[in-house]
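> sequence and predicted structure are below.
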Amino acid sequence: MKGLVMKYKIDVLDVAFASDDNYVKFMAVTIVSLVNSINNRFKINIHVITNNISNNNIDKLNKLCIELECVNYIKVYQINPDVFEDCPMYDWIKYSKLSIADVLPRDIKTCLLLDVDLVFLSSIDEIFSFNFPNDKILYAVLDYNKSDRKILSSKENSSFIKLNSKKYFNSGVMYIDLDKWRLNNIKNKCFDFLRNFKATPYYPEQDALNYVLCDYFLELPFNWNFLCHSIPLKEKIINYRLPFSCKDSGLKEYLLHCTLNEYEENYKNIKILHFAGGFVPWKNFFNKLDLNFNPICIYRKEWWSIADSIHIFRDDFEKLQFDNFEQDLFYLNNSIKNIICENVNYKKQVNNIKSTLSYNIGNIIVKSFKKWYRGDLFIMPFRILFFYVRYKVKK
């Protein structure tokens, strides 16, 4: 265990993450959004499971803790990924979530286990009233309804199991009874599943948890883990295997396990927004495009507003913005090329675009980055100035 800053001990909500160096800054945004949403009404202990967080980032987390009044401490737990060596080769971070009850001290009875691609938009105070009746071990939100959750055996035979889509939860937000997790040996049961079946590569731990805990979880409303992918689906600006549909749609196969009215109410009162489906706000502007090739920006402004407020990670976010800007220019350049190649009817409009000042300045920037090794970046401002003057003279 490394990097501990302790302020005071008080009854609090224990919150856990699995992360590495690449995701620490994104985790910081989730933490700050949580702090903003509770407005000092209760205290928080933060637990971070990792095998690779640098001392520099641990120091940043400690400084962040000091600045956040309602955070008692941030503990970083180093684990050895070799414990997962006999499981299929997936992202170790996903596996480490299964070890949560082994890593956290036994005097911690419950914890809120979170992914890092989340943002808190409103209070979660009622979590303190959650109980775990009988044999229930965790609270979670149902994932999308999919009829094809078939998991093949990893053995040479052709056997398979089918996970129950009507009771399949998303593992991005889980409120866990750690004592029952330990008592029922959940970790080892999940690892047994992973050794014997070919779980979905993108979320193997989620398949394992659903296989083991299908009958042992309590359902939370959709706004506790609001999957942002559903927003552009509802607006019909993207395609998916299933169209946007709720369980009262009359369709035999529907997407969401809630009625349309329930979805609308949850949308108005989102507690935790989950940037699932690749719609993360920290990627470049053109990362996700709708059917009309417009960028999809779901709560991007709100996320960056929080990120910009965390001055401890300012250098990290500034570098990220610079990298995104460079990628955006290339995306824009390639998009224009695609329009030219695939839409000859729009040639006149394309020529109009190419004659604009913004397009030509962008083109100069793109070419300068491509030829950076020739020193083009140093003369780029002069090229822009020269073109600007010539453009104004022609106009």
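Right, received. Where do you want to start?
> which outside residues touch the helix or strand hosting F17?
F17 belongs to strand 12-18 when assigned by DSSP states H and E. Strand 12-18 is contacted from outside by 27, 30-31, 34, 42-50, 72, 93-94, 96-97, 100, 104, 108, 110-116, 127-128, using C-beta atoms under 8 Å, 6 or more residues apart in numbering. Where C-beta positions appear, they are placed from N, C-alpha and C, glycine not excepted.
> same deal with stretch 289-308?
Contacts with stretch 289-308, where a contact means C-beta under 8 Å, 6+ apart, come from 25, 29, 32-33, 36, 119, 121, 228, 231-232, 237-239, 273, 275, 279, 281-282, 285-288, 313-314, 317, 335.
> let's go with 7 Å and repeat that
The contact list for stretch 289-308, computed with C-beta atoms under 7 Å, 6 or more residues apart in numbering, reads 29, 32-33, 119, 228, 231-232, 237-238, 273, 279, 281, 285-286, 288, 317, 335.
> picking that back up, just the buried members of the contacts of strand 12-18?
Neighbour counting with 16 or more other C-beta atoms under 10 Å marks 27, 30-31, 34, 42-50, 72, 93-94, 96-97, 100, 104, 108, 110-116, 127 as buried within the contacts of strand 12-18.
> tell me which of those fall in helices.
Judged by DSSP state H, the subset of these located in helices is 27, 30-31, 34, 93-94, 96, 100.
> which two of the residues you listed have the greatest separation?
By the measure C-beta to C-beta, these have their two most distant members at L34 and K94, which lie 21.6 Å apart.
> those helices in this protein, which residues are they?
Using DSSP H, helices in the chain cover 24-38, 55-67, 92-96, 100-103, 178-183, 186-196, 204-213, 230-234, 260-268, 300-309, 314-342, 347-354, 357-370, 376-394.
> what about the stretch 251-395 of the chain, any weak spots by pLDDT?
Counting by pLDDT under 70, the stretch 251-395 of the chain has low-confidence residues at 335-353, 372-373, 393, 395.
> about what we covered before: C246 is nearest to which of the helices of the chain?
C246 lies closest to helix 260-268 among the helices of the chain, at 4.6 Å (C-beta to C-beta).
> only C-alpha atoms, please: export that closest one in CSV.
What follows is helix 260-268 as a C-alpha-only set of coordinates in CSV (Å, rounded to 0.1, in the frame of the first residue of the first chain):
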residue,chain,number,x,y,z
LEU,A,260,-40.2,5.0,-21.9
ASN,A,261,-41.6,7.1,-19.0
GLU,A,262,-39.0,5.6,-16.6
TYR,A,263,-36.2,6.4,-19.1
GLU,A,264,-37.4,10.0,-19.5
GLU,A,265,-37.5,10.5,-15.7
ASN,A,266,-34.1,8.9,-15.3
TYR,A,267,-32.7,11.1,-18.1
LYS,A,268,-34.0,14.2,-16.3
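> which strands or helices does it pack on?
For helix 260-268, there is no helix or strand it packs on, judged by 3 or more C-beta pairs under 7 Å, 6 or more residues apart in numbering; DSSP states H and E.
> tell me the buried residues in that helix?
Applying 16+ other C-beta under 10 Å to helix 260-268 flags 262-263, 266 as buried.
> closest to Q78 among these?
Using C-beta to C-beta, those come closest to Q78 at N266, 37.6 Å.
> any idea how far that closest one is from T30?
Using C-beta to C-beta, to the nearest Å, we find N266 at a distance of 20 Å from T30.
> then L118?
Relative to T30, L118 is positioned 5 Å away (C-beta to C-beta).
> ok, Y168 - contacts?
Residues near Y168 by C-beta under 7 Å, 6+ apart: 142-143, 149, 210.
> and which of those is nearest D21?
Minimum distance to D21 across the contacts of Y168 is 28.3 Å, recorded for D143 (C-beta to C-beta).
> what's the neighbour count on the closest one?
As a burial measure, D143 scores 22 neighbours (other C-beta atoms under 10 Å).
> what's around the residue lying closest to it once chain neighbours are set aside, how many residues?
Closest residue in space to D143, ignoring its immediate chain neighbours: N170 at 4.1 Å, by C-beta to C-beta, 6 or more residues apart in numbering. By other C-beta under 10 Å, the residues close to N170 number 23.
> and N170, how close does it get to W224?
In this structure, N170 and W224 are 10 Å apart, going by C-beta to C-beta.
> now for these two: what residues contact both?
Joint contacts of N170 and W224 (C-beta under 7 Å, 6+ apart) are V141.
> returning to what we had before: of the contacts of Y168, which belong to strands?
L142 (DSSP state E).
> tell me the contacts of S96?
Shown in contact with S96 (C-beta under 7 Å, 6+ apart): 18, 49, 79.
> so who does D135 touch?
Per C-beta under 7 Å, 6+ apart, neighbours of D135: Y216.
> how close does it get to E265?
For D135, the distance to E265 equals 30 Å [C-beta to C-beta].
> go on, N52?
N52 is 41 Å from E265, where distance means C-beta to C-beta.
> what about L332, neighbour count?
Counted with other C-beta under 10 Å, residues neighbouring L332 total 17.
> make that Y359, sorry
Neighbours of Y359 using other C-beta under 10 Å come to 16.
> repeat for F132
Considering only other C-beta under 10 Å, F132 is surrounded by 19 other residues.
> circling back to that earlier point, out of the helices of the chain, the one nearest S153 is which?
Among those, the nearest to S153 by C-beta to C-beta is helix 186-196 (6.5 Å).
> need the mean per-residue confidence for the closest one.
Mean pLDDT, computed over helix 186-196, is 90.
> what is the orientation angle of it with helix 204-213?
Here the directions of helix 186-196 and helix 204-213 differ by 110 degrees (axes from the mean of the first three to the mean of the last three C-alpha atoms, to 10 degrees).
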